[in-house]
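Participant: Pasting the sequence and the predicted model now:
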Amino acid sequence: MKTLNLCLTTLLLSTFAHAHHTSLAIFDPTATTEIEGVVTDVHWSNPHVRLGIGVADAAGDITEWNIELTSLSAFRSRGYRTAFVEVGEMVKVFGNPAKSGLPAMEGLNLLLENGTEVILEFVEGPHYALMGDAPVLEIDAADSDAVQLARESAEGIFRVWNTIIGDPNFPIFRGNYPLTEVAAARKSEWVPDREKLESCWTKSIPHIMGTPHPIEFSRSGNDILLSFEEDDARRLIHMLDANEEHNDEDAVPSRLGYSIGIWEGDTLVVETTKLNSPYLDDRGTIQSEDMHVIERFTPSENGEQLDFQITFTDPVAFTAPVKLAKTFVWQPERSIVKWDCDA
């Protein structure tokens with residue numbers, strides 16, 4: 001098993017902080033627990049990698065624990081491209097217990113049978129390595145040919161972009177919006193749907209633009225295709241000349257809406273309407289068919305960074321425009337892969 005020294009791993013921690021959309025609703029971040037048992041199941045898939053752990057008590061009776069981890073895509077972003085644990089291994093898991101008291105946990109750290117630690121949530125850092133000499137699992141090496149091809153084909157905005165998880169602006173959709181009375185009332189009545197939160201539910205514009213997973217801009221004739229790893233979503237941006245008018249009356253409303261774009265120098269400006277999602281986020285914030293979104297994508301001169309600004313208005317949901325921003329980075333070792341979501 002490859003290992004990485006603790007100093008290098010510690011340097012990576014601020015880069016890979018990531019939070020589940022379900023964790024606050026289901027698990028208690030103020031409490032921690034630890035279990036030791038045999039791996040009975042490995043679910044290596046989005047939206048969350050999950051482990052089954054059989055834990056024996058003093059009498060030998062087995063309790064099956066469900067361990068929820070981050071998404072498969074998040075593990076890939078850290079370089080963990082294949083499952084790092086197998087059924088039958090004896091392991092220890094440290095994490096946040098379920099609020100319900102059921103045998104379930106949000107896993108933060110995993111100690112493998114061979115004594116190697118896997119940091120499951122990089123915001124937490126090592127746990128077992130700090131208490132002894134447990135090495136930390138090393139990431140898989142990137143495909144050098146794929147990296148070289150990515151470098152050769154990148155041009156301006158047209159490449160794969162990744163979220164800086166340690167960016168102070170991430171996540172950008174944090175709530176605290178200027179809600180109308182109607183939206184505030186709807187939000188106060190909202191009850192989290194655990195089954196939906198744990199499933200492969202699809203996001204809409206604008207919420208999907210907060211994705212922590214890779215996105216890619218590519219040409220589609222005279223237009224631009226924006227592809228997302230999350231949900232395998234595809235968004236076509238109809239490009240116009242600066243003074244060209246466009247009629248969207250025949251466009252069919254959808255969760256990704258109808259987008260038109262223009263260039264302002266090197267900045268791609270996108271306007272989106274015709275949205276029909278009932279909710280902005282997974283916290284009960286509504287949106288209506290009057291949602292109107294303006295986005296600005298500006299790549300840096302060296303092509304390593306993409307500044308993103310988004311402004312959206314919706315008279316049904318908000319009393320004022322909502323303005324958010326984040327930064328994407330280019331990491332040539334990353335690519336868009338199939339979402340692999342089966343929950």
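Facilitator: Done, it's in. Here the structure is a predicted model, which is why all the values come from computation and not from measurement.
Participant: Give the full set of residues in contact with residue 187.
Facilitator: Contact analysis of residue 187 by CB atoms under 8 Å, 6 or more residues apart in numbering lists 179, 283, 284, 285, 286. C-betas here are computed from N, CA, C, even on glycine.
Participant: sec struct for it, please.
Facilitator: Assigned with DSSP: H, G, I helix; E, B strand; the rest coil, residue 187 falls in the helix class.
Participant: Next: residue 208.
Facilitator: Under three-state DSSP, residue 208 falls in the helix class.
Participant: Surely it is in contact with residue 227?
Facilitator: No. The pair residue 208 / residue 227 is not scored as a contact, 11.5 Å apart, by CB atoms under 8 Å.
Participant: From what I see, residue 321 and residue 313 are in contact.
Facilitator: Yes. Counting by CB under 8 Å, residue 313 is a contact partner of residue 321 at 4.8 Å.
Participant: mind checking pLDDT for the residue positioned nearest the centre of the chain?
Facilitator: Centroid-nearest residue in the chain: residue 212, 3.3 Å away (criterion: CA atoms, centre = their mean). Residue 212 carries a pLDDT value of 86.
Participant: Surely it touches residue 172?
Facilitator: No. Residue 212 lies out of contact with residue 172 (CB under 8 Å); the separation is 10.4 Å.
Participant: domain assignment for the chain?
Facilitator: What the TED database lists as the domains of the chain is 23-131, 145-330.
Participant: would you turn these into TSV with distance to residue 342?
Facilitator: TSV is the format used below for the domains of the chain (distance: least, CB to CB, whole Å):
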stretch	distance to residue 342
domain 23-131	5
domain 145-330	7
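Participant: elements contacting the top strand by length along the chain?
Facilitator: Using DSSP state E to assign secondary structure, the strand with the most residues in the chain is strand 33-43. Counting contacts by 3 or more CB pairs under 8 Å, 6 or more residues apart in numbering; DSSP states H and E, strand 33-43 packs against strand 50-56, strand 62-68, strand 90-97.
Participant: and after the longest one, which helix or strand comes next?
Facilitator: As assigned by DSSP states H and E, the chain's next helix or strand after strand 90-97 is strand 104-111.
Participant: from the chain's centre, how far out does the regular element (helix or strand) spanning residue 76 sit?
Facilitator: Using DSSP H and E, residue 76 sits within helix 72-77. Centroid displacement of helix 72-77 relative to its chain, using CA atoms, centre = their mean, to the nearest Å, is 9 Å.
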